[in-house]
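Engineer: Below is the structure, and that's it, no one-letter string:
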């Protein structure tokens with residue numbers, strides 16, 4: 001996404017009471033532990049690393 005990152009979108013969705021109940025799956029190429037931990041702390045339901 002050109003102007004906003006996926007974790008920022010997740011933060012907005014999970015921070016709004018109207019949308020916080022929506023399940024969220026992150027699909028990314030990042031295998032970085034810090035990205036995985038941050039995603040789960042923000043409320044992601046699943047983290048999927050896509051093949052390159």
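Structural biologist: Right, received. Where do you want to start? Bear in mind the structure is a predicted one, so any value in this text is a computation, not a measurement. Numbering: from 1, shown residues only.

Engineer: contacts, neighbours, all on C-alpha from now
Structural biologist: Fine.

Engineer: OK, contacts around the closest residue to residue 51 other than its chain neighbours?
Structural biologist: Nearest in space to residue 51, with sequence neighbours left out and distances taken as C-alpha to C-alpha, 6 or more residues apart in numbering, is residue 29 at 6.8 Å. Shown in contact with residue 29 (C-alpha atoms under 8 Å, 6 or more residues apart in numbering): 49-52.

Engineer: Please apply the same query to residue 47.
Structural biologist: For residue 47, the contact set (C-alpha under 8 Å, 6+ apart) comprises 25-28, 36, 39.

Engineer: Got the phi and psi for residue 23?
Structural biologist: Main-chain dihedrals, residue 23, degrees, to the nearest 10: phi -60, psi 140.

Engineer: Backbone dihedrals for residue 49, both of them.
Structural biologist: When read as degrees, to the nearest 10, the backbone of residue 49 gives phi -90, psi 120.

Engineer: Equivalent analysis for residue 47, please.
Structural biologist: Dihedral angles of residue 47 (phi, psi; degrees, to the nearest 10) stand at phi -130, psi 110.

Engineer: Quick check: bridge partners of it?
Structural biologist: Taking DSSP bridges as the rule, residue 47 bridges to residue 26.

Engineer: Can you tell me how far it is from residue 28?
Structural biologist: Residue 47 is 8 Å from residue 28, where distance means C-alpha to C-alpha, to the nearest Å.

Engineer: got it, and residue 50?
Structural biologist: In terms of C-alpha to C-alpha, residue 50 sits 6 Å off from residue 28.

Engineer: These two: who's more crowded?
Structural biologist: residue 28 (15 against 11; other C-alpha atoms under 10 Å).

Engineer: residues touching the residue nearest to that one when sequence neighbours are not counted, list them.
Structural biologist: Nearest residue to residue 28, sequence neighbours excluded (C-alpha to C-alpha, 6+ apart): residue 49, at 5.1 Å. Each residue near residue 49 by C-alpha under 8 Å, 6+ apart is listed here: 27-31.

Engineer: So which of these belong to helices?
Structural biologist: Using DSSP state H, no member of the contacts of residue 49 falls within helices.
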